[in-house]
Every structure is written in C-alpha cells, then in structure tokens.
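Peer 1: structure for the following, please:
(one chain, ligands or ions: 1)
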Amino acid sequence: MSLAIYPGSFDPITKGHIDVLKKAAKIFDKVIIAVSVNPAKKAMFSIEDRIDMIKESVNDIAGVEVDYFEGLTAKYAKDKGANAIIRGLRAVSDFEYEMQMAQMNNSLYDEIETVFLVPKSKYNFISSSIVKEVSKLGGDVDKFVTAPVSKRLKEYNI
Ligand code: COA
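Peer 2: This is a model prediction of the structure:
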C-alpha cells in the first residue's frame, strides 16, 4: 500500500491545500494530512481547531486521514512507513525553501521522497496568511476556504 504524508501548518487549511490533497489522494492509496509546527510561525488557531477544520473540510475525500505530530517530519514519515512527503508548489518563490526541506528530509530518512504537486492556477496566490489578513479586514474569503474555516475565521475576528 502506498502511503504519503502531507505535512504543514494549515493555519488554516485553504482550498489550495485541499486541491493538492485531492491530487495526492488520486496517486497514493492513503494520504495522511498532518498538522505540524513550523517554529518560524506564530499560529492563529490552536492545533485542535486546525485539526477540526481539516476534518470538517476533507471528509468527502476517500483515502485521507487527519493527524498531528511533533518533532521532525522525516521521523514521523519513517515511523508511519510512508513512501512520500507531499508538498504543493505554487510559484518559483516556493522553490528554494521546498528544495531545502526536501533534501534535508531525504538526508534524514533515505527512504522518503518528496513529491511536489501543483495546485490549480486559481489558487496560486492564496496563502493562509493572506486569507487571515483579508478576513480580519472584513473581506470575503469564501472563495478560498471551506465553510467550516470561514465560520471559524469570522468567530475569531469578532
Ligand atoms: N495552497 C494554498 N496555500 C499554500 C499551498 C497551497 N497549495 N501550499 C502552501 N501554501 C501556503 C500555506 O498556506 C503557507 O502560508 P503561510 O506562510 O501564509 O502560513 C505556506 O504556503 C507554507 O505553509 P505550509 O505548507 O503549511 O508549510 P509550512 O512552511 O508552514 O510548514 C512544515 C512546513 C510544517 C512541513 C515544516 O516546517 C516541518 O516539516 N516542520 C516539522 C519540523 C521539521 O521537520 N523541520 C525540518 C524541516 S526540513
């Protein structure tokens, strides 16, 4: 059985992430979308909220499991027996950082390969930060996030 891990901060999950997840679910028998911590970022939502938002947003995609881990992505992938780490590539600007992480993860765990998937171009300009900023300033983000995420963003910003 082929297994991929899709790690990220997902603070919150966007339709761009979901597009990448759907593509991964077509390629792998099982995909674990795993919330993790990027130490360089201060999160808006708690881990529990992020997991709940993902569960409520992806429950229609077959072969997907939602999880959380602490520590190294490479170690988590190894412990799960995964074949691949999934990452989305939206633009050239993602490339350098993603290359660095892919090579580091592969040098930590030789069995793991990173598979880059390209989301639909209509999602290329979305990031979790920009969605949070637009929502905070009263803009409509329903095109970019699912209803459960939109609801939480509104509650958070009240
Ligand atoms: N659609 C929309 N947005 C996307 C996207 C897509 N397809 N792909 C990425 N993004 C955005 C995210 O929203 C996020 O935006 P933000 O910066 O505004 O939050 C940004 O691109 C990247 O976020 P994400 O994919 O969540 O990754 P991350 O860089 O926040 O987290 C981890 C990366 C968690 C995978 C990495 O830090 C990690 O592996 N941490 C564990 C510790 C570890 O192993 N460290 C060593 C790594 S080599």
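
Peer 1: report pLDDT for residue 107.
Peer 2: pLDDT, the model's per-residue confidence, is 97 for residue 107.

Peer 1: for residue 91, grab phi and psi.
Peer 2: With angles defined as degrees, to the nearest 10, residue 91 sits at phi -160, psi 170.

Peer 1: residue contacts, the nearest residue to it once chain neighbours are set aside?
Peer 2: Spatial nearest neighbour of residue 91, chain neighbours left out: residue 124 (6.1 Å); criterion: C-beta to C-beta, 6 or more residues apart in numbering. In short, each C-beta sits where N, CA and C put it, glycine included. Taking C-beta atoms under 8 Å, 6 or more residues apart in numbering as the contact definition, residue 124 lies against 16, 90-91.

Peer 1: return the distance of residue 151 relative to the ligand.
Peer 2: 19 Å (C-beta to the nearest ligand atom, to the nearest Å).

Peer 1: how much space separates that residue from residue 12?
Peer 2: To residue 12, residue 151 is 11 Å away according to C-beta to C-beta, to the nearest Å.

Peer 1: quickly check: the longest helix seen in the chain near the ligand or not.
Peer 2: Counting by DSSP state H, the longest helix found in the chain is helix 92-108. Yes: Helix 92-108 is in contact with the ligand by C-beta under 6 Å from any ligand atom, via 101, 104-105.
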